[in-house]
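**Student:** Got a predicted model here, sequence first, then my questions.
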Amino acid sequence: MAQQTLSGELPWNLAITLARVAAAFALSLLLGSALGIAMGRWRRLDLMLDNAVTVLLNLPALVVIVLIYVWFGLNEFSAIAAVALNKLPTTVVTLREGARALDPGFAEMASSFHMSRWRTLRHVTLPQLTPYFFAASRAGLALIWKIVLVVELLGRSNGVGFQIQIYFQLFDVTLILAYTLAFILVVQVIEWAALQPLERWATQWRR
Amino acid sequence: MGGAATVGTLGDAMAPVILRLHIEGKAFRTAGKTLPVLGGFDLALGTREIVALVGPSGCGKTTLLRIVGGLDTDFQGTLDWHGAGMPRIGTVFQEPRLLPWRTVHQNILLAQRTANPELADDLLHILDLAPFRDAFPSTLSLGMARRASIARAFAIEPELVLLDEPFVSLDPAMAARSRELLLNAWGARPTAALLVTHDRAEAALLADRILLLAERSTHVLREIIVPQELRRSAAAAPAVLAGLDNAMTRPADR
């Protein structure tokens, strides 16, 4: 592992993979949240898209990945889109639950005091959805870690997934474990340095 | 008049009026059935008058407040504001409905259209909540949270305050203290107010005029005007209440 780190190969591939994770995560969380909240609020949209979400939710990740590579080519866009699309439905479902659980009493309070839309969204609606955002982030990140390597293995020529494929072909278990270990470290650091403090900060009002 | 309360037709006839409400009918549609809740209700509210609506639960009192507050527009009838359109209305909901992720002070500021932190602090002081200014609502007792929501309603400099059972399920001592503090807040800035309650003693203490509502499809059974000299005095409240009870037992004099 030290040797791989020193040669710069491991950090480089890890960074590439992390960049893909970040892009896919941001994309799916943003789109998935918007769609999920909209579906939670508007019944008609929910009825229209509910089937599509269920299908996407249960479609094997591999099928989505292969189809996107076939349709959009073996490029960076396809890789990120494939990961994002796999994660999208879980975010939609989580945030839809959140939107359905919004307390109508608070909405009534906001409208009785004629709060602006922006003020209502920022201070009344979004804070109620915070736990759902965190749930979606956690579950989503976990899912993305798993999928991004497969995507790299199938259609990219760099990243951790691609490296593991090479070492698999060489039956070099030591290096595979080195990459796995590096991966575990990164996941732990993100959880411990980013997600947990953020969650503590967002829920400090709870006693 | 010998009794403590008069059974009359109108409040101070000469007082300026903020609101004239006439409800022809109002029905809830549930599971294909329509359930009438309000019918034939009329009210003219003075600009500084506190009117209590007293009646059994389920008679449509809260619905009435929602109609006045503009939260429910699905009714037959008219709602006429005297003057330039809808006034500023401060609502005190039955549950305090404070945002748990904002402090007491922030909750009040969020309700104000233009931030007026001094007024917010004044009201917190009047309502005996100054030490809890920066506390989160989860750390308050129910009585304190109710008072915070009263402070919020008055902090928008309302012309009309709507109070929906503001002191229900508090222990008697806390309820009495809270009523006193509410009167202090009202006294500092008198407004028109509609108070919904099922507690006749509470109505006797707080109101200028008390409307007793019937069980089903709300209409006014009795209208009791509290004499000027007996209004908002803890000492006189028992006499007002006795008059109220007396009026309840007599047949309607129509």
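**Tutor:** Alright, I've got the coordinates. Numbers count the residues shown, from 1 in each chain, chains lettered A, B, ... in the order given.

**Student:** burial measure for residue 167, as a count.
**Tutor:** Chain wasn't specified; assuming chain A. Using other C-beta atoms under 10 Å in any protein chain shown, residue A:167 has 16 other residues around it. From N, CA and C alone the C-beta is placed, and that goes for glycine too.

**Student:** Not quite, go with chain B.
**Tutor:** Per other C-beta under 10 Å, the neighbour tally for residue B:167 reads 25.

**Student:** name the element it belongs to?
**Tutor:** Using DSSP states H and E, residue B:167 maps to neither a helix nor a strand.

**Student:** For the stretch 151-254 of chain B, which residue gets nearest to chain A?
**Tutor:** Nearest residue of the stretch 151-254 of chain B to chain A, counting by C-beta to the nearest C-beta: residue B:156, 6.6 Å away.

**Student:** Contact partners for that residue?
**Tutor:** Residue B:156 sits next to A:113, B:88, B:90, B:111-113 when contact means C-beta atoms under 8 Å, 6 or more residues apart in numbering or on different chains.

**Student:** do the same with residue B:141
**Tutor:** By C-beta under 8 Å, 6+ apart, the residues touching residue B:141 are residue B:174.

**Student:** Now the phi/psi pair for it, please.
**Tutor:** When read as degrees, to the nearest 10, the backbone of residue B:141 gives phi -80, psi 170.

**Student:** ditto for residue B:231
**Tutor:** Dihedral angles (degrees, to the nearest 10) for residue B:231: phi -80, psi 140.

**Student:** Hmm, residue B:209 and it touching each other?
**Tutor:** No - using C-beta atoms under 8 Å, residue B:231 is not in contact with residue B:209, being 9.7 Å away.

**Student:** List the buried residues in the longest helix along chain A.
**Tutor:** Longest helix of chain A, by residue count under DSSP state H: helix A:9-41. Neighbour-count burial for helix A:9-41 flags A:10, A:13-14, A:16-18, A:20-21, A:23-25, A:27-29, A:31-33, A:35-40 (criterion: 16 or more other C-beta atoms under 10 Å in any protein chain shown).

**Student:** Tell me the residues of chain A that contact chain B?
**Tutor:** Near chain B, the residues belonging to chain A are A:105-106, A:108-109, A:111-115, A:119, A:123-124, A:127, A:205-207 when assessed by C-beta under 8 Å from any C-beta of the partner chain.

**Student:** residue boundaries of the helices in chain B?
**Tutor:** Under the criterion DSSP H, helices of chain B are mapped to B:61-68, B:104-111, B:117-126, B:142-155, B:172-188, B:200-206, B:237-249.

**Student:** where among those helices is the average confidence lowest?
**Tutor:** Looking at those, the lowest mean pLDDT belongs to helix B:237-249 (a mean of 79).

**Student:** Contacts only, for residue B:82.
**Tutor:** Residues near residue B:82 by C-beta under 8 Å, 6+ apart: B:16-20.

**Student:** Can I get the residues you listed in JSON lines including pLDDT?
**Tutor:** Shown next, in JSON lines, are the contacts of residue B:82 (pLDDT from 0 to 100):
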{"residue": "B:16", "pLDDT": "84"}
{"residue": "B:17", "pLDDT": "86"}
{"residue": "B:18", "pLDDT": "88"}
{"residue": "B:19", "pLDDT": "88"}
{"residue": "B:20", "pLDDT": "88"}
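
**Student:** Sitting in strands, which of those residues do you find?
**Tutor:** B:17-20 (DSSP state E).

**Student:** Those, buried ones only, as a ChimeraX selection?
**Tutor:** To isolate the buried ones among these in ChimeraX, judged by 16+ other C-beta under 10 Å, type:
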select /B:17,18,19
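
**Student:** from the ones in strands among the contacts of residue B:82, which single one is nearest chain A?
**Tutor:** Each of these was scored against chain A by C-beta to the nearest C-beta, and residue B:19 proved nearest at 15.8 Å.

**Student:** which residues does the closest one bridge with?
**Tutor:** In this structure, residue B:19 bridges to residue B:45, residue B:81 when assessed by DSSP bridges.

**Student:** Might you report the residue contacts of it?
**Tutor:** Each residue near residue B:19 by C-beta under 8 Å, 6+ apart is listed here: B:43-45, B:68, B:79-82, B:160, B:192.

**Student:** could you redo the last one with a cut-off of 7 Å?
**Tutor:** B:45, B:81-82, B:160 (C-beta atoms under 7 Å, 6 or more residues apart in numbering or on different chains).

**Student:** go on, residue A:73?
**Tutor:** Residue A:73 touches nothing, counting by C-beta under 7 Å, 6+ apart.

**Student:** same thing with residue B:198?
**Tutor:** By C-beta under 7 Å, 6+ apart, residue B:198 lies in contact with B:54-57.

**Student:** Dump these into TSV; add distance to chain A and neighbour count as well.
**Tutor:** Converted to TSV, those look like this (distance: C-beta to the nearest C-beta, whole Å; neighbours: other C-beta atoms under 10 Å in any protein chain shown):
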residue	distance to chain A	neighbour count
B:54	23	25
B:55	22	20
B:56	23	11
B:57	18	11
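
**Student:** Nearest to residue B:101, out of these: which one, please.
**Tutor:** Among the contacts of residue B:198, residue B:57 lies closest to residue B:101 (C-beta to C-beta), at 31.2 Å.
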